[in-house]
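Asks: Here's my sequence, what's the structure:
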Amino acid sequence: MELTLHPISTQCCISTRDFSEGDRVVCYLVREAEGGALGRRDLLEAEDRNLENPHEVLCRWVVEYKPRKNEHNADRALKLTAESLFLTLGDPLNPPSEANTRLLQFLALMLERKKVIKPRRVTPDGARTVFEHMPSHQMIEVPVGNLDMDFFVKIQSQLDVLVGGPKKNAEKPPVVAAVDGIPATLPIAPAN
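Replies: Numbers count the residues shown, from 1 in each chain. Just a heads-up that it's a prediction; the model follows:
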């Protein structure tokens, strides 16, 4: 799964102050009110309380700002993969939230199937599973959850934005027929 996002900004979207190396930057992945496009907000952690609520927050994370190097590959920075999003959301710097937790659980499920991560143990309190990220050997704790139908219903809108929802077919008008003289609406089967 690849997402095309803008790389981290060089300045705070609230105060417009340039970020300095080592600044704690809060990043939001949001769905815009106009057109439902995917957007990103980067701001200083101290300015987080001043952010006007975006239309829909998909996830939030905190990173330490590092300026881009001249030889930095900008095209590569635009690709946010499921793996990098998992590592970012699983970073202990990021405070847990309901939206982030669901997304982290889903990404863990997906990456475990691809053998990018492996479950290593459950925490003593039984609340989190510890996964090892195989390429980096980094350990990520993911809250244990019930991946039932309700879970997938709740995460559906996040996934639609991140990976693209199903394409909507042009609405066809229903066929109206009479059965025993009573009009009845019949659905039209999609053409294959």
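Asks: Quick one: list the elements packing against the helix or strand hosting V25.
Replies: Assigned by DSSP states H and E, V25 belongs to strand 24-31. For strand 24-31, the elements it packs on are strand 38-44, strand 56-64, judged by 3 or more CB pairs under 8 Å, 6 or more residues apart in numbering; DSSP states H and E. Just so you know, the C-beta spots here come from the backbone N, C-alpha and C atoms, and that holds for glycine as well.
Asks: Please produce CSV containing those strands, extended by distance to P96 and mean neighbour count.
Replies: Converted to CSV, these look like this (distance: least, CB to CB, whole Å; neighbours: other CB atoms under 10 Å):
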stretch, distance to P96, mean neighbour count
strand 38-44, 19, 19
strand 56-64, 10, 18
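Asks: TSV please, covering those and showing mean pLDDT and distance to F131.
Replies: Output for those, formatted as TSV (pLDDT from 0 to 100; distance: least, CB to CB, whole Å):
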stretch	mean pLDDT	distance to F131
strand 38-44	87	26
strand 56-64	85	17
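Asks: With distance to S136 as new columns, can those be given to me in TSV?
Replies: Putting the helices and strands packed on strand 24-31 into TSV (distance: least, CB to CB, whole Å) gives the following:
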stretch	distance to S136
strand 38-44	24
strand 56-64	16
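Asks: pLDDT below threshold where in this protein?
Replies: Applying pLDDT under 70 to the chain flags residues 1-5, 70-80, 160-192.
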